[in-house]
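**Q** I'll drop the sequence and a predicted model, then ask my questions.
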Amino acid sequence: MPQVNPIPEGYRTLTPSLRIRGAARAMEFYKQAFGAEEVCRMAGPDGQSIMHAELKIGDSMVMLCDEMPQWGALGPASLNGTSVGIHVYTPDVDAAVRRAEAAGATVIMPPADMFWGDRFAKLKDPFGHEWSIATHKEDLTPEQMAPRMEAAMKEMCGSASKAP
């Protein structure tokens, strides 16, 4: 019997799997917003829903399916939000945010340079999943980050106390 790689070719050790109400629409959104490529799609028992699909975004895979309450597979629309975020590194975060917003994403946090060395933004897709997008700009040690973090926290707390 031939040796089989325990991690399939093209996959990483960790692969997100999203549950979505409207998975087919979400796949089209992810293609427009993030340049995703469809790898496979399997119909559910009803012939209409998606039981399993895979997309490739950059060098990483994302699995997804339609909500299937009978199997306990609920997405953000049924759960009234999500408790996870998906993080994407890209060469140009500003262009990626513009592209995702044009496709229908809501910008939660516009791109900004962060104390840890990334230019970073947050989005919410039309299906309730939250995405953070970043371009890594600086390699910093924890010692270099510490004063930057302290200054960022002071600024955040200062602006919070000035809120009406």
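**A** Okay, I see it. Residues are numbered from 1 along each chain as shown.

**Q** From here on, just use CA atoms for contacts and neighbour counts.
**A** Will do.

**Q** could you list every residue that touches the residue nearest to Ala23 when sequence neighbours are not counted?
**A** Among residues not flanking Ala23 along the chain, Asp66 sits closest, at 5.0 Å (C-alpha to C-alpha, 6 or more residues apart in numbering). Contacts of Asp66 were listed using C-alpha atoms under 8 Å, 6 or more residues apart in numbering, and they are Arg19, Ile20, Arg21, Gly22, Ala23, Ser49, Ile50, Met51, His52, Ala73.

**Q** so how far is Gly81 from the fourth one?
**A** Think Gly22. 15 Å (C-alpha to C-alpha, to the nearest Å).

**Q** Between these two, which has more neighbouring residues?
**A** Neighbour totals were compared for Gly22 and Gly81, and Gly22 leads with 16 against 13 (other C-alpha atoms under 10 Å).

**Q** Tell me the pLDDT of the more buried one.
**A** Note on Gly22: pLDDT of 96.

**Q** separation between it and Phe29?
**A** On the measure of C-alpha to C-alpha, Gly22 and Phe29 end up 11 Å apart.

**Q** Please apply the same query to Asp118.
**A** Per C-alpha to C-alpha, Asp118 is found 25 Å from Phe29.
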